[in-house]
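Engineer: Sequence and predicted model, in that order:
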Amino acid sequence: MKKMITRRNFLKVAGASAAALGLAACGGSSSSTASSAAGSTAASSTAAKADGKVYYLNFKPEQDQDWQDLAAEYTKETGVPVTVVTAASGQYETTLMSEMAKSDAPTLFQVNGPVGLANWKDYCYDLKDADITKHLTSDSFALKEGDTVRIKGTTSVGKIESIQGKNATVIFGDLRSTTSLKKLEHATAPKREEPRPFMTVGRQTRETIDEKKLNFKQDLDVRGMRGDEALNAVMYFIDDATLVGMPRVRILHGTGTGILRQLIRQYLATVPAVTSYKDEHVQFGGAGITVVDLG
């Protein structure tokens, strides 16, 4: 692919905003009038003398005007024509696929984190050694081998051993687990401390993580526990279920006044790994059991 001379300068101007949105640079010097929700071309009287062109496919309609203003300012300053096309809400991936198939494909576009980068990596340049990286204030959006991470909504911390496309192999203690990149987030490695007696109260002595995976039970019974005890047990239970890759678990809390059920569901609603929760079928326990789906 031919490297576009003007791309780095344009990225430098847009770096602060683009870093948070995951811009990807694509080969080829072109502009486009692709059909989309909004689109315009910034031009100037000096455009004829410009070296190269920029076509940016924007992801967020609410930021369209900001990008148009930035493009116009850049063109005014450099003479490089810049086309900014904004995809309709919810149609970015479809629009991107359509535009990339054309001869005048976007030279700048956005991807959805590590997963999107894996999908479009063949169209992208690695800019880690370019001047643009000097203007970035954070690399918190990038996951790479050796990073300390956790699965979103859990407390267990591990380290990325390797990345394969959309998935990563993570070492959690003695357990090697493969999970989707989009489920991971950066974490701080825990400090090594001497075990405190109160930390294990109410929990079974932990066997090795591999044994836990083999012996994991899909049902957790918290009937008769106080609210704080039940929530603590549920937190560790969901954490472990996520680590071992269990797609569905059940929490037995009974009916009673309904307070315990309400507290547990309020917690489940805050856990990203929980995709849904509902009452068990009336034949198997009804409102006294919450069925939790993990994904």
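Structural biologist: Good, I have the coordinates.
Engineer: residues near residue 189, how many?
Structural biologist: 9 (other Cβ atoms under 10 Å). In short, each C-beta sits where N, CA and C put it, glycine included.
Engineer: Can you list the residue ranges for helices in the stretch 1-150 of the chain?
Structural biologist: Listed in chain order, the helices of the stretch 1-150 of the chain (DSSP state H, counting those that start in this stretch) span 7-21, 64-78, 92-100, 113-120.
Engineer: Go through the ones you listed and find the least confident stretch.
Structural biologist: Across the helices of the stretch 1-150 of the chain, helix 7-21 has the smallest mean pLDDT, namely a mean of 41.
Engineer: what sits against the nearest residue in space to residue 241 that is not next to it in sequence?
Structural biologist: Here the nearest residue to residue 241 in space, its sequence neighbours aside, is residue 249; by Cβ to Cβ, 6 or more residues apart in numbering that works out to 4.9 Å. When contacts are counted by Cβ atoms under 8 Å, 6 or more residues apart in numbering, residue 249 touches 218, 219, 220, 237, 238, 241, 291, 292, 294.
Engineer: Surely residue 225 is in a helix?
Structural biologist: No - Residue 225: not assigned to a helix; according to DSSP: H, G, I helix; E, B strand; the rest coil it is coil.
Engineer: Contact partners for it?
Structural biologist: Residues in contact with residue 225 (Cβ under 8 Å, 6+ apart) are 233, 260.
Engineer: how much space is there between it and residue 260?
Structural biologist: Residue 225 sits 8 Å away from residue 260, taking Cβ to Cβ, to the nearest Å as the criterion.
Engineer: how far away is the residue positioned nearest the centre of the chain from residue 108?
Structural biologist: In the chain, the residue lying closest to the centroid (Cα atoms, centre = their mean) is residue 182, at 4.0 Å. Residue 182 is 23 Å from residue 108, where distance means Cβ to Cβ.
Engineer: still on that earlier bit, give me the secondary structure label for the residue nearest to the centre of the chain.
Structural biologist: helix.
Engineer: From residue 234, how far off is it?
Structural biologist: Taking Cβ to Cβ, one finds residue 182 at 24 Å from residue 234.
Engineer: likewise residue 289?
Structural biologist: For residue 289, the distance to residue 234 (Cβ to Cβ) stands at 13 Å.
Engineer: Could you name every residue contacting both of these two?
Structural biologist: Overlap of the contact sets of residue 289 and residue 234 (by Cβ under 8 Å, 6+ apart) consists of residue 251.
Engineer: More neighbours: those two, which one.
Structural biologist: With neighbours defined as other Cβ under 10 Å, residue 289 and residue 234 compare such that residue 234 has more, 25 against 20.
Engineer: coming back round to it: farthest-separated two in the contacts of residue 249?
Structural biologist: For the contacts of residue 249, the farthest-apart pair by Cβ to Cβ is 219 and 294; their separation is 14.2 Å.
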